[in-house]
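1. Provide a 3D model corresponding to the input given below.
(one chain, ligands or ions: 1)
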Amino acid sequence: MENVFLAAMELTTILNQCYPQPGFVYLKARFRADKKAIEVPVRRRKGSKAVCSRCEKPAPGYDTLPARMFEFIPFWGFVVFLIYARRRVQCAGCGIGAEKLPWCEGKHHSTKAHMLFLAHWARKLSWKEVAESFLSSWDRVHDAVEYVVEWGLEHRSLEAIFAIGVDEIQYAKGHKYLTLVYQIDRECIRLLWVGKERTIESFRGFFAVIGEKVAADILFVCSDMWKPYLEVINEKCVNALHILDRFHIMAKMSKALDEVRAQETKRLLRDGHQPLLKKSRWCVLKRKENLTAKQQVRLRDLLRYNLQTVRAYLLKEDFQQFWTYNSPAWAGKFLDFWCHQVMRSRIEPMKKFARTLREHRELLLNYFEARKEFSSGVVEGLNNKAKLVMRRSYGFRTFRVLELALYHSLAKLPEPTLTHKFF
Ligand SMILES: [Zn+2]
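-> Predicted structure coming up:
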């Protein structure tokens with residue numbers, strides 16, 4: 001006899017305990033010829049009727065397809081397969097089609113238990129590591145995550161969303177963007193949607209998913225100043241208070257400051273003052289008494305040029321006060337005063353930034369109107385997690401893979417359940 005039967009406690013006994021299949025019977029487990037895999041043949045229980053996989057009603061058998069392997073959870077270094085020859089049924093309503101198998105879903109080659117098992121680990125390890133650790137392949141892990149995510153998206157609830165944050169994230173070496181929408185209610189923080197690009201059209205896709213009614217119920221929206229986002233929010237969230245978030249504004253300010261420094265460095269170089277500013281960046285920002293003798297000489301030298309960089313830096317520091325206000329009115333007064341000062345500064349990048357702030361004055365003050373409750377902190381935290389997920393699913397940076405990985409890790413999706421706890 002070619003097959004070696006596993007004696008004592010039969011694997012089938014354990015399988016019947018942890019993964020029973022109504023209408024089907026596990027037969028004796030056997031080693032595959034190379035002894036690297038364990039195969040468990042399955043047959044249908046005598047007298048049990050086949051069920052049409054489309055309408056889920058009993059239907060008479062039509063014919064039997066060749067036996068196929070369905071991957072199961074590996075153990076003790078062995079891959080495990082269920083082997084079954086699937087029937088086709090002649091359903092009165094649907095015509096000829098495959099029978100429904102309780103352990104497997106549609107086109108997938110793995111059992112449900114195996115897919116849930118791989119997907120569970122794919123939240124903790126990279127997909128490659130999951131494949132290697134559990135004797136499977138990257139494609140199987142991908143399939144498993146896809147199954148769990150699709151099931152979850154279909155079964156999640158999108159009712160009662162009060163606050164959302166929208167942000168973009170770069171991928172594929174910074175040449176492409178994703179738009180991410182998060183729910184940032186205090187009781188529910190999760191990723192709601194992943195979109196390709198950051199255009200008006202792609203962002204509208206989110207509202208197509210949630211529908212007009214849910215969109216109309218949203219009360220707070222946090223975003224940056226990216227025009228397409230502003231436009232779509234204006235159009236779809238008719239009852240929401242739109243908040244420009246703090247993180248993005250300060251990031252924009254830093255960018256302006258960097259621009260000032262870069263321009264000035266160039267100008268000084270051109271005038272023959274060598275790496276003056278380049279090497280002095282921190283020296284000018286240090287307290288005077290902490291400077292070395294050499295640095296003091298350099299600082300005197302720098303101050304003669306009335307450096308724009310230093311003035312811009314001080315303006316930036318001043319602006320921090322803006323976030324400390326509680327009343328929108330006082331915050332507004334400060335904002336106007338600050339912008340006025342900047343406009344007189346003759347520092348072009350800073351003036352440009354101040355103009356942007358003036359343009360979005362109302363949205364900025366909404367931050368105080370919302371009592372700072374919905375700030376970018378949450379969105380920023382989620383975005384950092386998203387970046388981590390992206391790094392972990394490295395290797396295949398297609399949009400689809402990233403989309404799956406992000407939903408899987410951050411969307412808090414419901415999952416199909418199993419009667420036995422395998423992991
Ligand atoms: Zn049917």
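2. What separation do you get for Leu365 and Pro328?
-> Going from Leu365 to Pro328 by CB to CB, to the nearest Å gives 5 Å. (Glycine included, C-beta is placed from N, CA and C.)
3. Could you do Tyr19 as well?
-> Taken as CB to CB, the span from Tyr19 to Pro328 is 60 Å.
4. who's more crowded, the two?
-> Tyr19 (21 against 18; other CB atoms under 10 Å).
5. Contact partners for that one?
-> Shown in contact with Tyr19 (CB atoms under 8 Å, 6 or more residues apart in numbering): 72, 103, 111, 113, 418, 420.
6. Nearest to the ion among these?
-> Trp103 (19.5 Å; CB to the ion).
7. Contact partners for the closest one?
-> Contact analysis of Trp103 by CB under 8 Å, 6+ apart lists 19, 21, 70, 82, 111-113.
8. Looking at neighbours, which among those residues is most surrounded?
-> Neighbour count (other CB under 10 Å) singles out Leu82 as the most crowded of the contacts of Trp103, with 26 neighbours.
9. Could I get the contacting residues of that residue?
-> 26, 39-42, 69-70, 72, 103, 111.
10. still on that earlier bit, out of the contacts of Trp103, list just those in helices.
-> By the criterion of DSSP state H, membership of the contacts of Trp103 in helices covers 112-113.
11. Which positions in the chain make contact with the ion?
-> 52, 54-55, 91, 93-94 (CB under 5 Å from the ion).
12. Reformat those residues as CSV; add neighbour count, distance to Phe247 and secondary structure.
-> Below are these laid out as CSV (neighbours: other CB atoms under 10 Å; distance: CB to CB, whole Å; DSSP: H, G, I helix; E, B strand; the rest coil):
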residue, neighbour count, distance to Phe247, secondary structure
Cys52, 23, 54, strand
Arg54, 15, 49, coil
Cys55, 14, 51, coil
Cys91, 22, 56, strand
Gly93, 9, 55, coil
Cys94, 14, 53, coil
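13. Pipe those residues into TSV and attach pLDDT per row.
-> Listed next are the residues of the chain next to the ion as TSV, based on pLDDT from 0 to 100:
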residue	pLDDT
Cys52	93
Arg54	91
Cys55	93
Cys91	93
Gly93	91
Cys94	93
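14. which of those residues lies closest to Lys385?
-> Arg54 (38.9 Å; CB to CB).
15. For Gly95, give the beta-bridge partners.
-> Cys91 (DSSP bridges).
16. need the helix or strand of the chain with the lowest average pLDDT.
-> helix 276-280 (a mean of 57; mean pLDDT, DSSP states H and E).
17. residues in contact with Phe78?
-> By CB under 8 Å, 6+ apart, Phe78 lies in contact with 36-38, 135.
18. Give me the subset of those lying in strands.
-> 37-38 (DSSP state E).
19. top of the contacts of Phe78 by neighbour count?
-> Ranked by the number of neighbours (other CB under 10 Å), the contacts of Phe78 place Ile38 first, at 19 neighbours.
20. of all the residues of the chain next to the ion, which comes closest to Lys294?
-> For those, the residue nearest Lys294 by CB to CB is Arg54; the value is 81.8 Å.
21. Not counting its neighbours along the chain, what's nearest that closest one?
-> Among residues not flanking Arg54 along the chain, Cys94 sits closest, at 4.4 Å (CB to CB, 6 or more residues apart in numbering).
22. That neighbour contacts Glu56, correct?
-> No. Cys94 lies out of contact with Glu56 (CB atoms under 8 Å); the separation is 10.1 Å.
23. can you list the contacts of Tyr19 in JSON lines and add pLDDT?
-> What follows is the contacts of Tyr19, written out as JSON lines (pLDDT from 0 to 100):
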{"residue": "Phe72", "pLDDT": "96"}
{"residue": "Trp103", "pLDDT": "94"}
{"residue": "Thr111", "pLDDT": "95"}
{"residue": "Ala113", "pLDDT": "95"}
{"residue": "Leu418", "pLDDT": "87"}
{"residue": "His420", "pLDDT": "87"}
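24. Give me the contacts around stretch 332-346.
-> Here stretch 332-346 makes contact (CB under 8 Å, 6+ apart) with 311-312, 315, 318-319, 321-322, 325, 350-351, 353-354, 357-358, 361, 364-365.
25. can you give me the offset of it from its chain's centre?
-> 38 Å (CA atoms, centre = their mean, to the nearest Å).
26. And the average pLDDT for it is what?
-> The average pLDDT for stretch 332-346 rounds to 93.
27. which of the residues in that stretch are buried?
-> 332, 334-335, 338-339, 342 (16 or more other CB atoms under 10 Å).
28. Repeat that for stretch 19-38.
-> Result for stretch 19-38 [16+ other CB under 10 Å]: buried residues 19, 21, 24, 26, 29-31, 37-38.
29. Same check on stretch 178-195?
-> So for stretch 178-195, counting by 16+ other CB under 10 Å, buried means 178-185, 189-195.
30. biggest separation within these, which pair?
-> Farthest apart among those - using CB to CB - are Leu178 and Asp185, which lie 22.1 Å from each other.
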